[in-house]
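Q: here's my sequence, what's the structure:
(one chain, ligands or ions: 3)
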Amino acid sequence: MSQRQITLKILRYNPQEAGSEPRLQSYSLETAEAMTLFIALNEIREHQDPTLQFDFVCRAGICGSCAMMVNGRPRLACRTLVAELPDTVVLAPLPFFELIGDLSVNTGKWMRGMSERLHTWLHTMEESPDICRIEERMEPEDAEAVYEMDRCIECGCCVAACGTARMRQDFVGAVGFGKIARFRLDPRDIRTDADYYELIGDDTGVFGCMSLLACHDVCPKSLPLQNQIAFLRRKMAQVSIRRE
Ligand code: SF4
Ligand code: SF4
Ligand code: FES
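A: Ligands and ions are numbered 1, 2, ... in the order given. Alright, predicted model coming up:
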């Protein structure tokens, strides 16, 4: 790959700093072989501007912390090759989530709230599970389906791309639907569709979803959000009809 000069225009704003105003700041840097956006941001922080805020932990698409808007589309900085991007790239923090500063947002706080609200943990008959006993058997196809949804890294890209989430802060988002789908698929979970209806059977849940599937298009882990959301909506509609 030939080296080239690129410009990163980064939305800078620190809500914690008195007098800070949102502004686009430009940084120019030379690309290198296999450079990711994450590496480019580190170069800038190391050699040009130590005040630049952005998050990362794993650098391998696993922790979900480096999600940001890249030319208007939510992406993981550590999985985005600079070679795929044009000469000028505009970076902004994910919308919807609480801004910490510059490209850093508090997805963790929102994910925790969503998790508590949707009870995203296994519900079984056992009061206190015995962790010493042999693991419960599960059909391989069930285990695979659960694992498929468990690959969610809670990056927030699906929520940042979601039209409904832009309009209502209380929307559970595709990540929330993905969590419900995961426990619904788990044969050990004793909850029924009527129980799930109490969690997502309204406009803050499946009936607020516009089904335009931006979430599915941007999910960096390629979760089957399209199928799962459609399936959940059908199931919740059946509960609703039965109650009428
Ligand atoms: S569903 Fe996909 S886009 Fe949404 S939080 Fe999980 S990994 Fe990220
Ligand atoms: S399909 Fe539903 S959850 Fe996904 S982006 Fe659209 S409104 Fe949001
Ligand atoms: S740094 Fe962990 S997903 Fe990018």
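Q: quick one: the strands in this structure, in order.
A: With DSSP state E as the criterion, the chain has strands at 5-12, 23-30, 67-70, 73-76, 88-92, 99-101, 104-105.
Q: which strands or helices does the third one pack on?
A: The criterion is 3 or more CB pairs under 8 Å, 6 or more residues apart in numbering; DSSP states H and E, and the helices and strands that strand 67-70 contacts are strand 73-76, strand 88-92, helix 157-160. Where C-beta positions appear, they are placed from N, C-alpha and C, glycine not excepted.
Q: and of these, who's closest to ligand 2?
A: Across the helices and strands packed on strand 67-70, ligand 2 has its closest neighbour in helix 157-160 (6.4 Å, CB to the nearest ligand atom).
Q: near ligand 1 at all, the closest one?
A: Yes - Helix 157-160 reaches ligand 1 (CB under 6 Å from any ligand atom) through 157-158.
Q: how many residues are close by Arg12?
A: Residues near Arg12, counting by other CB atoms under 10 Å, number 20.
Q: hmm, stretch 232-241 in reach of ligand 1?
A: No - Stretch 232-241 stays clear of ligand 1 (CB under 6 Å from any ligand atom), getting no nearer than 13.4 Å.
Q: now that stretch - C-alpha only, PDB.
A: Written as PDB, here are the backbone C-alpha positions of stretch 232-241 (Å, rounded to 0.1, in the frame of the first residue of the first chain):
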ATOM      1  CA  LEU A 232     -39.300 -11.100  18.800                       C
ATOM      2  CA  ARG A 233     -41.800  -8.600  17.400                       C
ATOM      3  CA  ARG A 234     -44.000 -11.500  16.100                       C
ATOM      4  CA  LYS A 235     -43.900 -13.200  19.400                       C
ATOM      5  CA  MET A 236     -44.800 -10.000  21.300                       C
ATOM      6  CA  ALA A 237     -47.600  -9.300  18.900                       C
ATOM      7  CA  GLN A 238     -49.000 -12.700  19.600                       C
ATOM      8  CA  VAL A 239     -49.000 -12.000  23.300                       C
ATOM      9  CA  SER A 240     -50.700  -8.700  22.700                       C
ATOM     10  CA  ILE A 241     -53.400 -10.300  20.600                       C
END
